[in-house]
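Undergrad: I'd like to go over a predicted model; first the sequence, then the structure.
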Amino acid sequence: MRNLYFKKDSERGVNGTYNWLVDEVGELGDELRKGTDKEATEKEFADVIAWLVSLANLMEIDLERAALNKYNNKCPKCQQTPCRCPF
Ligand SMILES: [Zn+2]
């Protein structure tokens, strides 16, 4: 994603990239509510993660490392796998 879009993402900036991420989350929600087209839903998931990675790149955050640091095969709250936190 960095190779593909970092220059454009840098020009757009953090706020603009964040706004795109929010828009894409909304589109994913629309697809989930429709619930009829798995391929379209899959593409919306791809868009959400692409914009999330773009935003992380702009913030110089290694998203994979951040996710593994917090959720490395156990719940960060109860420390269990699977999570045993109450709903
Ligand atoms: Zn838990």
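TA: Done, it's in.
Undergrad: Only C-alpha atoms from now on, for both contacts and neighbour counts.
TA: Noted.
Undergrad: ok, now which ones touch residue 1?
TA: Neighbouring residues of residue 1 by C-alpha atoms under 8 Å, 6 or more residues apart in numbering: 50, 53, 54.
Undergrad: Touching, the second one and residue 63? I think so.
TA: Yes - between residue 53 and residue 63 there is a contact under C-alpha atoms under 8 Å: 6.9 Å.
Undergrad: Among the contacts of residue 1, which ones are in helices?
TA: 50, 53, 54 (DSSP state H).
Undergrad: most surrounded residue in those?
TA: Counting neighbours by other C-alpha atoms under 10 Å, residue 54 comes out on top of the ones in helices among the contacts of residue 1 with 26 neighbours.
Undergrad: Which residues of this protein lie near the ion?
TA: Proximity of the chain to the ion (C-alpha under 5 Å from the ion) is limited to residues 75, 77, 78, 83, 84, 85.
Undergrad: Which strands or helices does the lengthiest helix in the chain pack on?
TA: In the chain, ranked by residue count with DSSP H as the criterion, the top helix is helix 2-34. When contacts are defined as 3 or more C-alpha pairs under 8 Å, 6 or more residues apart in numbering; DSSP states H and E, helix 2-34 sits against helix 38-58.
Undergrad: contacts for the helix it packs on?
TA: By C-alpha under 8 Å, 6+ apart, helix 38-58 touches 1-2, 5-6, 9-10, 13-14, 17-18, 20-21, 24-25, 27-28, 31-32, 35, 62-63.
Undergrad: tally of neighbours for residue 72?
TA: Residues near residue 72, counting by other C-alpha under 10 Å, number 13.
Undergrad: do you know how far it is from the ion?
TA: 12 Å (C-alpha to the ion, to the nearest Å).
Undergrad: which SS class is that residue?
TA: coil (DSSP: H, G, I helix; E, B strand; the rest coil).
Undergrad: follow-up on the earlier one: tell me the one among the ones in helices among the contacts of residue 1 nearest to the ion.
TA: Closest to the ion out of the ones in helices among the contacts of residue 1 is residue 53 (25.4 Å), distances taken as C-alpha to the ion.
Undergrad: Does residue 83 fall in a helix, a strand, or a coil region?
TA: Residue 83 is classified as coil under three-state DSSP.
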